[in-house]
Each structure stands twice: as C-alpha cells, then as structure tokens.
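S.K.: Mind folding the following:
(chains A and B)
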Amino acid sequence: MTVQLDARPPVAPTAGQPRRSSGRLSRLDTRFSPYLFIAPFFLIFGVFGAYPLAYTFWVSLHDWDLLGTDHPFVGAENYTRLLADADFWHALVNTMGIFVISTVPQLLAALWLANLLNRGLRARTGWRMAVLVPNVTSTAAVAIVFGVLFGREFGMINWLLDLVGMDAIDWKSNRIASWVAISAMVDWRWTGYNALILLAAMQAIPRDLYEAAAIDGASRARQFWSVTVPLLKPTIIFCTIIATIGGLQLFTEPRMFNSGTNPIRGGPLRESQTLTMYMFENAFAPHYNFGYGSAVAWLLFALIAIVAAVNVLILRRLGGGAGPRKGATR
Amino acid sequence: MAVFPRRRLAAVALAATTALLVTAGCGGGDDAEADGPITLTVDVFGQFGYDQLYQEYMAAHPDVKIVERGTGSNLDEYSPKLTQWLAAGRGAGDIVAIEEGLLVEYKANPGNFVNLLDHGAADLKGNFLEWKWNAGLTPDGKQLIGLGTDVGGIAMCYRKDLFEKAGLPTERDAVSKLWPTWQDYIATGEKFVAAKTGASFLDAATNTFNTILLQTAGNTTGYSYYDTNGNVVVDSNPAVRQSWDTTMDIIDSGLSGKYGSWSEEWVSAFKQTKFATIACPAWMTGVIEQNSGPAAKGKWDIARVPGNGGNWGGSHLAVPKQSKHQAEAIELAKFLTSAKGQIGAFKAKGPLPSSPQALDDPAIAGSTNAYFSGAPVGAIFGTGAKSLKPVYMGPKNQAVRTEVENAVRTVELGQRSPTQGWTDAVTNAKKAAAK
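M.R.: Residues are numbered from 1 along each chain as shown, chains lettered A, B, ... in the order given. As a prediction, this is how the structure comes out:
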C-alpha cells in the first residue's frame, strides 16, 4: 500500500508551476499540510494521553492529599514505600493469578469454538453472531449477575454444587475461588470475541494444505494440531497480548463482584483486589492520597510495559515462524 | 487548482482541531443568568426525606428551583464523588450533605466551605443539640462548616414471627427486658439458635460491633479509634477492646448470619427472613423497610438496644465555596435544618431530628411507624436522643474503621482466630491512618 502511494508523482509541484508567486506557498503547503492532517490525533493524544501521563508522574513525586492545598515534594518516597507495601504485592499476585486463570482456558476454548465454527454448520452466520453476544453486554451488568450467581448462601452455583453433594464454597472470601469466579466472568465475555478473531485467521489458511494433509492420511485432529494451530500462531499471540492488556487492567469485574461496604478492597482479606482497585483505593476513597495512587499507576504502567516487551520477544521468536512458508516471507 | 481545495482542507482541519480543543478545554458553561429563577442543587446520599420540604420552599420562593441529586446512593459512592468535586473546584451542589464519620476529614480543609458564622448562623445555636452544633465547628471554633440534620439514636429491631417460632416473647416491652446488657443479648441469642428456626440471630457481626463500639465509647472515653489529639488508639482505647471482646463472644456463640453488611446477600437475607435481630439506628428503619419489602409489614418491631444508648450516624448540610448562589443556598440549608424541616424529614423517611425543639414536638414524640407494627418510634428513638453522648471521630476515621471491621469480618468468616484478627486490626488500622 504505502509503496504504491509514494511511487505516484506528487501533484502539487506540477499544478503550482505556472503561477510563480504561489510557488513558495505551495511548497510550504506540500511540506507542512500532511502534518496538519495528522495533527488532530497527536493533539488529542497530547491532551488526553501524554499530558495525564506526565502529570500523574509529577503527582506521584508529591505528598498529595486530594483535598489539601499544600502538596510537598517528596521525591521517590511514594515509590519506595510502595515497593515495601505488602498489599501492593498482594494485589499484583491477585492480578497475575486472575490473568492466568482466565486467559489460558479462554484461548483454548476460543480455539475449540473457532474450529467448530469453521466447519460446515447449518445457520453458520447465526452461530458466529451468537458467540459475540456476551461481548456486547455491559460489563457491570455481567458482573452483578455473576456476583449473585456466586453468592455464598443464595447463589445458584453453590446450589448446583449442593445438588451433586459437594460443600458450598464461599466464593467471595476464598482467594483462589474468587479468582476462579472472576475469571469465569472474563471468559464468558471474551471467549467469543477471540473465537471470531481466530476463525478469521483460520479461514485465511489455504484449503490445499488440508487437502495435501488428507491425502497424506492425516486425521481431522492431526490436521488441526499440525496445520491449523501452527499457522494460527501469530493470531494466538495477538489474542494473548490483547488479553494481557485487559487482564492487567481488570477493574469492573472484581469491583462489582464485591458488594457491601468498601468493595474496593476486594474482600475482607483483599482476596480479589486487583492492582487497578488498589490504585483506586489509595487515590480515592478512603485514603484520598493522590500521590501514592499515582505511584501505583506508574508501577502498573511499568509492569504492562515489561509484560508487553516479553510478549514482543516471544513474538519475534515464534511469530509467523513455524508455518511452512517461512522461507517465502522473509 | 489542486492546491486550493487542499489548502482549504488544511484550514478546515486546523479549525476543527482548534474547535475541539476549545470545547474540550472549557466543558460546562455558566448556568442560569441573573434574571431567570436560579437552580439550587442539593447533594445527598441515602434518604433525607426532603421532597415535600422542597415543594414548600419553592412555593414560598418562586425565584428558586431545587434539584436533589444522589437520593438512594450509598455513602461509599457519594463521598468519593464529593471529594473529587471539592478538589476540582467545580461540580459540587450548592448544598452538600456530610456524614458524621467523614466530617473531620472535610473539616481539615475548611477553605472548601462557606463559613456559616459569617451569614448569621450563630443565632441558630439553640436550635441544635449542643454536641451536634459543635461537631459542625472547626477545632478553633471560628468556622461553622455545616448545620446538623439528624442524629442516629440506636434501638434493636427484631422479627416478631421468628421470635414466636423460637418460643421467645414477641411484645416489645417484654423483648426489651430480655437484654438489659449485651451479655443478656448473647444469652437470648443462644436460646434462639437452640430453637433451630432456620434463621440466624443477627445479620452481621460488623454492624453489631460498630453499635457496641459507639455506645461504649460514648459512655466511657468519648472517642473511638482516635483520641481527641488525633492519635490512633485502636490498641490502647479500652472501649475498642471491650467492644471487640463482646463481638468475639457473639461470633463464638454462632449468632451471626455472616451476611456482609450492605452486600447483595445482606439484602437477600432480609427478603428471605434469614435473621431475627439487627442493630437499628433511627435511619436504619427506612433501610429495613426497603430491603424487607411490603410483604414483611407488621412483622418487624423495635425494642430497646442492649447496654445504654449510643449514636450512630447523622449528617450536616454544608455550602461549598464553589457554589455560585451561596446566599440562597445558605437560606435553604437553614430552612432544611430548622425544627420544622427536621420534623418534615422525620415524617417522610425517619431520620431522627438533632433539634431539641423538634424532638419535643408532639409530631415526633407521639409518632408511630406502621411498618414496624405501630412501634412508637418517636418515643423509642427520641427519649434517648437528648442525652446522647457524642463520640469524637478522627481525621481518617473511615479508613481506620474499614480496617477494624474487616478484621471482625475475617474472624466471623473463620479466616482468622480472634487473636490474629486483633493483631490485624491494630496493624492495619495504623497503616491506614498513616497513608
């Protein structure tokens, strides 16, 4: 695409040539107007992206009471305190735990769903639309309904467990159980979305590869694992990165899952408090310590950057790799 | 030729960008010019019961229009919003309600509010219980931040049908005689549990703990988590320890239904008749009625609280400095907190007046509540109200209270032993206070 556009001769110089007086202006025009055209994005990004980022960093270097009028400069103190704060690390472990418990089954289920949808089903479009339905429901509504389903005494899940003779689980005050419950919410919402992305990638795989495999006597399962999955690797990695960003910023689901007084704690022992909730707890109610909250935000930013970098490394190593057309593309 | 459309496009792009920045930069213009009627916004949480009073006020002041925001929201949603509005310097209503537990926090930055003493409020001192008036003053006594609305005299609400099932007396005076002290309350609870009605004796240990603490502190030290010098005294205040121990006895006797207060499960437990008693500040009657629904009308009743008196909750009305109609807002706040205003609110939604004149008024003293089997709420809550002893609340009371109550909750749920729970309460409270 880009190559083609660049190859076309620029229009402006030829058009501007006859009139000398406007030559200079038109040269300025060709040189600067492209910047002007892309300016809106950068200006908006500057106002709503870069400026808050820098301002948050500035705030994180101060002892900043939200209501206070004095904000004394404290340097890196918020950060050193935060690194020694057990609740911060606890929230980090929660976030990573929920992330792993939700993402792994989610991608496996999405892969399986996509494979089903890729077959010659009746009413195929209907099914494909159907898997996306959970994604268009409001997160808060989903979280409230799941919060009720996972109730200790009046919840349907515990009722079902009781039917099969198992003990009721206190989903909200058992750390692992609360992670599982929140992961269930995330998966319910995002599995269909990932399935559609994987489906799109599956349909881009040339049919002749399957024909060749079938002629070689490969079974359907063998075809799936030896042809489909390797060719899907870049897409799977894309899905993983998207899930990482969402997972590390998880807020609404665990926040709404915990109801009652001070739900931002995520349970009496902070069983399901994620990093974003910890940030909110410090920056807003009940602490109103903006400086400390901003420090949490920046460490979260650093964490996402690290995880993203790891993802890129994995992508470099595996991405587009294992396919049979390796030599052709590079 | 090609140049001109392009240049025009560039100009359009530039104009669009500028327009966008300008709109983004100054969201929300000034409202209501001087001539038209002015709009006063009142920010509240829960149920203040002001609707009828607004109508009356607007009828007498045709140039004022009143809008209330936040009705029915809970305090955990309301107070962060209020703090953000104050910090941002815009967004807050012309009158804002401030709950007693958060008052000290807001008083720490009195510059956010109009000093009501500069607007003739000093004359109103006699209209309020003395401690309620004092709570609205800054420590140096020079600025009055808020005028008192209600106080939270405490009683014990109970389900008559469950008491009958358990073979306990159901008539309110007889029930009151069951529990002169908290130990008697626990003994009654043990009888109730032994009768196996399928319900618990009380809703959650945290609510009961807070009731016992506010009562004990009111009767002894006069402060709870913070002493009056602003030091955290969770581990050294005997009132806290004593309340903790009583609560541990309650948990130990298996009386609690463990429904985390204000959670969805708590609300369901009301509907499904899953507990028999709940500590009941005056404003709680409205909550019980809403949660239990019309089907439970006449099944609840109100008895005396074990121990002696106590106050939980109650609010003030303040006028933020950012208000554009301060004079009018102050007038309205004075009206709403007058004896007449407080009686109107009590009749509508049950918050107990903080004005001695209102408490003495026959409209309050003689009032009954049909939902609670015609209980004489005016007499039950009103009698103790004038002798209520205030409890001092420190600068980060809300954060510290959260930590201690969560420690109670972990013991209640069996996640911690009482000893571990106490250690958690003390360490976490100190940590929260230092943040």
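S.K.: for the stretch 101-250 of chain A, what spans make up the strands?
M.R.: Counting by DSSP state E, counting those that start in this stretch, the stretch 101-250 of chain A yields no residue ranges for strands.
S.K.: Output the set of residues of it in proximity to chain B.
M.R.: Counting by Cβ under 8 Å from any Cβ of the partner chain, the positions of the stretch 101-250 of chain A adjacent to chain B are A:Ile144, A:Gly147, A:Val148, A:Gly151, A:Arg152, A:Glu153, A:Phe154, A:Asp170, A:Lys172, A:Ser173. The way it works is simple: take the backbone N, C-alpha and C, and place the C-beta from them, glycine included.
S.K.: Would you check that the first one makes contact with A:Met256?
M.R.: Yes. A:Ile144 sits in contact with A:Met256 when judged by Cβ atoms under 8 Å, with a separation of 5.7 Å.
S.K.: who's more crowded, these two?
M.R.: A direct count of neighbours by other Cβ atoms under 10 Å in any protein chain shown for A:Ile144 and A:Met256 places A:Met256 higher, at 20 against 15.
S.K.: Tell me the spacing between the closest residue to the more buried one other than its chain neighbours and chain B.
M.R.: Spatial nearest neighbour of A:Met256, chain neighbours left out: A:Ala143 (3.3 Å); criterion: Cβ to Cβ, 6 or more residues apart in numbering or on different chains. Note on A:Ala143: its distance to chain B, by Cβ to the nearest Cβ, to the nearest Å, is 11 Å.
S.K.: any idea how far B:Tyr54 is from A:Ala143?
M.R.: The gap separating A:Ala143 from B:Tyr54 is 35 Å, by Cβ to Cβ, to the nearest Å.
S.K.: do the same with B:Gly384
M.R.: From B:Gly384 to B:Tyr54 the distance is 30 Å (Cβ to Cβ).
S.K.: any idea where the strands of chain B begin and end?
M.R.: B:38-43, B:64-69, B:95-99, B:146-148, B:150-151, B:154-159, B:200-202, B:275-281, B:300-303, B:315-318, B:352-353 (DSSP state E).
S.K.: Quick one: low-confidence residue ranges for chain B.
M.R.: Applying pLDDT under 70 to chain B flags residues B:1-35.
S.K.: related to what we said a few turns ago, hang on, isn't the residue nearest to A:Met256 packed against A:Ala184?
M.R.: No. Contact between A:Ala143 and A:Ala184 fails when scored by Cβ under 8 Å: they sit 11.0 Å apart.
S.K.: And the residue of the stretch 201-350 of chain B closest to chain A?
M.R.: Per Cβ to the nearest Cβ, B:Ser263 is where the stretch 201-350 of chain B lies closest to chain A, at 3.2 Å.
S.K.: Wait, A:Met279 touches A:Leu299, no?
M.R.: No. Counting by Cβ under 8 Å, A:Met279 does not reach A:Leu299; the two are 9.1 Å apart.
S.K.: Neighbour count for those two, which is higher?
M.R.: Set side by side, A:Met279 and A:Leu299 show more neighbours around A:Met279, with 23 against 19, by other Cβ under 10 Å.
S.K.: Setting aside sequence neighbours, what's the nearest residue to that one?
M.R.: Once flanking residues are discounted, A:Met279 sits nearest to A:Val296: 4.0 Å by Cβ to Cβ, 6+ apart.
S.K.: now swap in B:Lys271 and tell me
M.R.: B:Gly293 is the one closest to B:Lys271 (Cβ to Cβ, 6+ apart), at 6.1 Å.
S.K.: In chain A, what helix or strand scores lowest on average pLDDT?
M.R.: helix A:326-329 (a mean of 38; mean pLDDT, DSSP states H and E).
S.K.: ok, A:Asn78 touching A:Gly293?
M.R.: No. Judged on Cβ under 8 Å, A:Asn78 makes no contact with A:Gly293 at a distance of 9.0 Å.
S.K.: Contacts only, for B:Asp227.
M.R.: Residues in contact with B:Asp227 (Cβ atoms under 8 Å, 6 or more residues apart in numbering or on different chains) are B:Thr221, B:Val233, B:Asn237, B:Tyr392, B:Gly394.
S.K.: isn't there a helix covering A:Ser272?
M.R.: No. Assessed by DSSP: H, G, I helix; E, B strand; the rest coil, A:Ser272 does not belong to a helix; its assignment is coil.
S.K.: how about the residues of the stretch 151-300 of chain B near chain A?
M.R.: With Cβ under 8 Å from any Cβ as the criterion, the stretch 151-300 of chain B comes near chain A at residues B:206, B:258-266, B:268-269, B:272, B:274.
S.K.: Produce a PyMOL select command limited to the buried residues of those residues.
M.R.: This is how PyMOL selects the buried members of those, with burial counted by 16 or more other Cβ atoms under 10 Å in any protein chain shown:
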select buried, chain B and resi 206+258+259+260+261+262+263+264+265+266+268+269+274
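S.K.: Just the helices from the stretch 51-200 of chain A, written as ranges.
M.R.: Counting by DSSP state H, counting those that start in this stretch, the segments of the stretch 51-200 of chain A that form helices are A:51-60, A:77-83, A:86-117, A:124-136, A:139-149, A:156-163, A:175-203.
S.K.: Let me have these in a markdown table, adding mean pLDDT as columns.
M.R.: Conversion of the helices of the stretch 51-200 of chain A to a markdown table gives the following (pLDDT from 0 to 100):
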| stretch | mean pLDDT |
| --- | --- |
| helix A:51-60 | 95 |
| helix A:77-83 | 94 |
| helix A:86-117 | 93 |
| helix A:124-136 | 89 |
| helix A:139-149 | 90 |
| helix A:156-163 | 94 |
| helix A:175-203 | 94 |
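S.K.: Could you dump those into a markdown table and include distance to B:Ile212?
M.R.: Putting those into a markdown table (distance: least, Cβ to Cβ, whole Å) gives the following:
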| stretch | distance to B:Ile212 |
| --- | --- |
| helix A:51-60 | 40 |
| helix A:77-83 | 34 |
| helix A:86-117 | 28 |
| helix A:124-136 | 46 |
| helix A:139-149 | 30 |
| helix A:156-163 | 31 |
| helix A:175-203 | 30 |
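S.K.: Single out the most deeply packed of these.
M.R.: The highest average neighbour count among the helices of the stretch 51-200 of chain A, using mean count of other Cβ atoms under 10 Å in any protein chain shown, belongs to helix A:175-203 at a mean of 21.
S.K.: Run the angle between it and helix A:139-149 for me.
M.R.: Put simply, helix A:175-203 runs at 130 degrees to helix A:139-149, going by axes from the mean of the first three to the mean of the last three Cα atoms, to 10 degrees.
S.K.: re earlier: backbone dihedrals for the residue nearest to B:Lys271, both of them.
M.R.: For B:Gly293, the backbone dihedrals (degrees, to the nearest 10) come out as phi 80, psi 170.
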